[in-house]
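Participant: Quick one: sequence and predicted model below, then my questions.
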Amino acid sequence: MNLTILGCHSATPRVDTNPTAQILEIRNHNFLIDCGEGTQVQLRKNRIKFSRIKHIFISHLHGDHYFGLIGLLSTFQLLGRQQELHIYGPKGLREIIELQLKLSNSYSMFDLVFHELTSVNSEIILDDEQVTVRTIPLNHRIYTNGFLFSEKPGERILLPDEAKKAKVDVAYYRKLKQGFDVINKDGILVKNDKVTLASKSPKSYAYCSDTFFDESIVPIIKNSTVLYHESTFLDKHERLAEPTGHSTAKHAAYIAKMADVRLLILGHFSTRYDDLNLFREEAESIFMPIELAADGKKFTFE
């Protein structure tokens, strides 16, 4: 599971900071999560192939999370894209994009499949053989969702030498990988755990931006491998958090602690702060380990 931070700052882009966008690589999927202004430039800088993006997730309709979408779609068109593209986001996103395409006479030559979200409860929005994606309802000024990306358990790891010793016919190897006990060439039952190993534990990534401190998300993200949680403000500006629908570094740390996640990544920093290490210091008084997001920063989770 690999994560590339394309942008991790709030509000407006600056020369050295970009608004929110991420690429999550998980089980042969390249998911684009939010698409702030300048996302396609960041994709190019980070050498991410546009053609590998088949699913885009938009958390909410504030500009720093989706203003880059129409530009990216236009580039897809210019590059001759033909494969369909799935876009998941709040109701209204489809109307916005289709109006922009209509008025610019830029209808796409590939299928745009919109999945408009309206539920205030967590729901599964993507489910295939490899990954499940469900929404995380967030507490912001407008309708907003985070997203939980969860790997499905992989096949067991076959031990070929042990299988041969147990006289298992190769025709049954597939069954062994699927977790079944099998009958060997002598008619004896071979227990699966004698000739296979368990696969690596499935990993999960919880993305939460933007939101005020809200404990109701804890059961949804419980035991996640990684939590990305917005931390727009430092503690000295906590008074701004609730009216703007944002969190402090300490708020994010409390959520991580309650959810018992393995790692917390802080992001969506207000551009009023020059020293981002202060976010780490405040959060580490409550939870560890912590990483700070940074434009272009890459994470690999084993």
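Facilitator: That came in fine, so what should we check first?

Participant: what comes up buried for stretch 264-281?
Facilitator: The neighbour-count check on stretch 264-281 (16 or more other CB atoms under 10 Å) flags L264, I265, L266, G267, H268, F269, S270, L276, F279, R280 as buried. Heads up, the C-betas are built off the backbone N, CA and C, glycines and all.

Participant: Correct me if wrong, but the last one is in a strand.
Facilitator: If I follow you right, that is R280. No: using DSSP: H, G, I helix; E, B strand; the rest coil, the secondary structure at R280 is helix, not a strand.

Participant: contacting residues for it?
Facilitator: R280 is in contact with A249, L266, I290, L292, counting by CB atoms under 8 Å, 6 or more residues apart in numbering.

Participant: isn't the second one right up against F279?
Facilitator: Yes: proximity of L266 to F279 meets the contact threshold set by CB atoms under 8 Å, at 5.2 Å.

Participant: Overlap in contacts, the two.
Facilitator: Common neighbours of L266 and F279 (CB under 8 Å, 6+ apart) are S231, A249, L292.

Participant: Of those, which is the most crowded?
Facilitator: Among the shared contacts of L266 and F279, S231 has the most neighbours (other CB atoms under 10 Å), with 33 neighbours.

Participant: next one: phi and psi at it?
Facilitator: Torsion angles at S231 (phi, psi; degrees, to the nearest 10) stand at phi -140, psi 70.

Participant: That one: what's it in contact with?
Facilitator: S247, T248, A249, H251, A252, L266, G267, H268, F269, F279, A283.

Participant: Restricted to strands, list those.
Facilitator: L266, G267 (DSSP state E).

Participant: so which of the contacts of S231 would you say is closest to S106?
Facilitator: Distance to S106 across the contacts of S231 (CB to CB) is lowest for H268, with 30.7 Å.

Participant: What residues does the closest one make contact with?
Facilitator: C8, H9, S10, T20, S209, D210, E230, S231, T232, H246.

Participant: quick one, strands of the stretch 51-200 of the chain?
Facilitator: Assigned by DSSP state E, counting those that start in this stretch, the stretch 51-200 of the chain shows strands spanning 53-57, 85-90, 112-117, 124-127, 131-137, 145-151, 157-158, 182-183, 189-190, 196-197.

Participant: Show me what the first one packs onto, helices and strands only.
Facilitator: In this structure, strand 53-57 packs against strand 29-35, strand 85-90, with contacts taken as 3 or more CB pairs under 8 Å, 6 or more residues apart in numbering; DSSP states H and E.

Participant: How about the third one?
Facilitator: Taking 3+ CB pairs under 8 Å, 6+ apart as the contact definition, the neighbouring helices and strands of strand 112-117 are strand 85-90, helix 93-103.

Participant: Given the first one, what are its sheet partners and their directions?
Facilitator: Here the strand partners of strand 85-90, with direction, are listed using DSSP bridges: strand 53-57 (parallel), strand 112-117 (parallel).

Participant: So for the residue in the chain sticking out farthest from the centre, what's the nearest residue that isn't a sequence neighbour?
Facilitator: In the chain, counting by CA atoms, centre = their mean, D186 sits farthest out from the average C-alpha position, at 48.6 Å. Distance criterion CB to CB, 6 or more residues apart in numbering; nearest residue to D186, sequence neighbours excluded, is K167 at 5.8 Å.

Participant: neighbours around the one you found, how many?
Facilitator: There are 13 residues near K167, going by other CB under 10 Å.

Participant: For it, give me its contacts.
Facilitator: So K167 contacts N184, K185, D186, I188 (CB under 8 Å, 6+ apart).

Participant: For R239, see how far away it is.
Facilitator: K167 sits at a distance of 72 Å from R239 (criterion: CB to CB, to the nearest Å).

Participant: again with H60
Facilitator: Counting by CB to CB - H60 and R239 are separated by 23 Å.

Participant: ok, those two, which is more surrounded?
Facilitator: Remark: of H60 and R239, H60 carries more neighbours, 24 against 9, as counted by other CB under 10 Å.
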